[in-house]
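1. the sequence isn't on hand, but the structure is:
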């Protein structure tokens, strides 16, 4: 059209690269082909024309957040003749209505986080990963710490709930791994840890949390209950972390770990890769962090328990066995998330794995058969109806042996042989090896032979060894005296010859 201002249609079309006919056509009507095309009308009747204004709009105005599937269900109950295929039409129509006349939506305001200011803590459930330890499903969650500016992350495996102990241990591990302290610590309301406690207990936990913040000179803050996006700097990374763990598990080819420590090392490796990716920003933020205190503060609960005549103590509705020599003594217990550290006065006595209640109406048991085997040998029939019998067996092989013996030789003999097998495993320190032999015999259809197993795994440490002493005849001492005398004379002769040579 620019050429057309100074040339006729034929010349203008040639300069523009069009044919003459196209030049005359454009000159007659300069609209684009898409502008000349008439809008397409509906190909089928509108299925909502009779009910949109009278029935659907009142529902949307009364309940703006209602889903299309619920509206479809309600409309089809009122009009059974309507096809279920109207769902997609209704979804598009509702989306358009909400954009034109619907209610205002919430707006997320992105925040600018200066370095060294904000660190965030939260717990995330990881049961979707289906982790097992030695073939047993590991019920756990992760404590997740993150710096808002640099993205430094730390994850800690938590076996219990969202307790203060788990928070204190995970937070301190993160700060000491980071090497500094941010100005502010943000968490959620932690209501999962406190809602089942009375008012005094809630105040005690609040004071302990405030004490933890004072020790590291951090300002505590919490987001509003139920408003997860206020912790968006850690809520979103929860998903990134779990997806990274899922990918690493797929590459690993197995979700089973030999020990809990091996799984924790796996978590540390994955989180370490993420920190390596953010290394530049982390190094940029480190100078803005405050210094760590000289030492860590307590990340456990301290309790006092008494070892009863049952050979143990009860703590948080879980029974723990202890050496029988401690019966009647009071123990000071440091209750961590995954273990109990027991002290007699200030003397460390033992470390026990922390147990959990299997259900709200059933107590848990943490049993070490070595603590009670000496007493059980005196009363072997106590094994038959023992409350914690299933937890007493250190490996499944011993349970299999007990069940097979009960079926073949009766309860009394079964209890006697099983107790002696446990005593053999303890005294000869052959628990694993003995379990393998028992499994092999049971697989072959034979019951464990206690006598043969005792001989196989060596003599009893308490038995007196037989020492054979061969006495020599006394005449050999006369021969020894002659040999000594000859040796002495030879030595004196050598010494005299040496003195003569020196004098010469």
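-> Structure received. These numbers were taken from a predicted model, which means no experiment stands behind them.

2. what does the helix or strand containing residue 342 contact?
-> Using DSSP states H and E, residue 342 sits within strand 339-344. Contact partners of strand 339-344, identified using CB atoms under 8 Å, 6 or more residues apart in numbering, comprise 300, 315, 320, 322, 326, 329, 331-334, 348-354. For the C-beta atoms, the positions are set from N, CA and C on the backbone; glycine is no exception.

3. let's see it at 7 Å
-> 320, 329, 331-334, 348-354 (CB atoms under 7 Å, 6 or more residues apart in numbering).

4. helices of the stretch 151-300 of the chain, residue ranges please.
-> Remark: helices assigned in the stretch 151-300 of the chain by DSSP state H, counting those that start in this stretch are 164-178, 191-194, 199-216, 232-252, 260-277, 279-285.

5. pLDDT below threshold where in the stretch 51-200 of the chain?
-> Filtered on pLDDT under 70, the stretch 51-200 of the chain yields the residue ranges 189-200.

6. quick one: the strands in it?
-> With DSSP state E, counting those that start in this stretch, the ranges of strands along the stretch 51-200 of the chain come out as 118-125, 132-133, 136-137, 141-147, 153-158, 184-187.

7. tally of neighbours for residue 94?
-> Counted with other CB atoms under 10 Å, the neighbours of residue 94 add up to 20.

8. what's the answer for residue 28, then?
-> Neighbourhood size, residue 28 [other CB under 10 Å]: 8.

9. equivalent analysis for the one 10 residues further on, please.
-> Number of residues near residue 38 (other CB under 10 Å) recorded here: 5.

10. from the contacts of strand 339-344, which land in strands?
-> In this view, the contacts of strand 339-344 that belong to strands under DSSP state E are 320, 331, 332, 333, 334, 348, 349, 350, 351, 352, 353.

11. please indicate which of those residues are buried?
-> Neighbour counting by 16 or more other CB atoms under 10 Å classes 320, 331, 332, 333, 334, 349, 350, 352 among the ones in strands among the contacts of strand 339-344 as buried.

12. need these in JSON lines with pLDDT and distance to residue 16, can you?
-> Listed next are these as JSON lines, based on pLDDT from 0 to 100; distance: CB to CB, whole Å:
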{"residue": "320", "pLDDT": "94", "distance to residue 16": "93"}
{"residue": "331", "pLDDT": "94", "distance to residue 16": "98"}
{"residue": "332", "pLDDT": "95", "distance to residue 16": "96"}
{"residue": "333", "pLDDT": "94", "distance to residue 16": "92"}
{"residue": "334", "pLDDT": "93", "distance to residue 16": "89"}
{"residue": "349", "pLDDT": "92", "distance to residue 16": "98"}
{"residue": "350", "pLDDT": "93", "distance to residue 16": "95"}
{"residue": "352", "pLDDT": "93", "distance to residue 16": "90"}
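
13. out of those, which one sits closest to residue 280?
-> residue 334 (39.7 Å; CB to CB).

14. domain-wise, how is this protein divided?
-> 3-36, 52-101, 118-288, 301-456, 470-504 (automatic domain parsing).

15. centre of the chain to the first one, how far?
-> Same thing as domain 3-36. 73 Å (CA atoms, centre = their mean, to the nearest Å).

16. over to that domain now: how far is its first residue from its last?
-> 23 Å (CA to CA, to the nearest Å).

17. my guess is residue 288 meets residue 118, correct?
-> No: with contact defined as CB atoms under 7 Å, residue 288 does not reach residue 118; the gap is 11.2 Å.

18. who's more crowded, those two?
-> A count of neighbours by other CB under 10 Å puts residue 118 above the other of residue 288 and residue 118, at 20 against 15.

19. okay, and the beta partners of the more buried one?
-> Listed by DSSP bridges, the beta-bridge partners for residue 118 are residue 184.

20. buried stuff in stretch 21-36?
-> Across stretch 21-36, burial judged by 16+ other CB under 10 Å covers 23, 26.

21. which residues sit against that stretch?
-> 1, 4, 9, 10, 12, 13.

22. so what would you say the end-to-end distance of it is?
-> End-to-end distance for stretch 21-36: 18 Å, by CA to CA.

23. what of stretch 283-299?
-> This stretch, stretch 283-299, spans 28 Å end to end (CA to CA).

24. return the distance of it from the chain's centre.
-> 25 Å.

25. ok, stretch 353-363 next?
-> The chain centroid and the centroid of stretch 353-363 are separated by 18 Å, computed with CA atoms, centre = their mean.

26. for the closest residue in space to residue 128 that isn't next to it in sequence, give its distance to residue 333.
-> Take residue 128 and drop its neighbours on the chain: the residue closest to it by CB to CB, 6 or more residues apart in numbering is residue 242, 7.1 Å away. Using CB to CB, to the nearest Å, one gets 34 Å for the distance from residue 242 to residue 333.

27. returning to what we had before: what is the nearest of the contacts of strand 339-344 to residue 379?
-> Comparing the contacts of strand 339-344 against residue 379 with CB to CB places residue 320 closest, at 20.6 Å.

28. so the closest one is in contact with residue 312, correct?
-> Yes: shown here, residue 320 and residue 312 form a contact pair, counting by CB under 7 Å, at 5.2 Å.

29. rewinding a little: need the contacts of strand 339-344 in a markdown table (columns: distance to residue 396).
-> Output for the contacts of strand 339-344, formatted as a markdown table (distance: CB to CB, whole Å):
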| residue | distance to residue 396 |
| --- | --- |
| 320 | 22 |
| 329 | 34 |
| 331 | 31 |
| 332 | 35 |
| 333 | 30 |
| 334 | 31 |
| 348 | 31 |
| 349 | 29 |
| 350 | 25 |
| 351 | 24 |
| 352 | 21 |
| 353 | 18 |
| 354 | 22 |
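
30. closest to residue 184 out of these?
-> Of those, the one sitting nearest to residue 184 (CB to CB) turns out to be residue 334, at 29.2 Å.

31. check what pLDDT residue 461 gets.
-> Predicted confidence (pLDDT) for residue 461: 60.

32. same deal with residue 227?
-> In this model, residue 227 carries a pLDDT of 61.

33. kindly report the same for the one 3 residues further on.
-> Model confidence at residue 230, given as pLDDT, is 64.

34. offset the numbering so it begins at 55, please.
-> Understood, numbering begins at 55; the last thing we discussed is residue 284.

35. give the contact list for the most centrally placed residue in the chain.
-> Nearest residue to the geometric centre of the chain (CA atoms, centre = their mean): residue 211, 3.5 Å. By CB under 7 Å, 6+ apart, the residues touching residue 211 are 194, 196, 317, 318, 321.

36. what is the burial count for the closest residue to residue 106 other than its chain neighbours?
-> In space, and not counting its chain neighbours, residue 106 is closest to residue 147: 7.0 Å by CB to CB, 6+ apart. Using other CB under 10 Å, residue 147 has 17 neighbouring residues.

37. didn't residue 147 look like it was pressed against residue 103?
-> No: Residue 147 lies out of contact with residue 103 (CB under 7 Å); the separation is 10.9 Å.

38. neighbours of residue 143, how many?
-> Residue 143 has 15 neighbours, counted by other CB under 10 Å.
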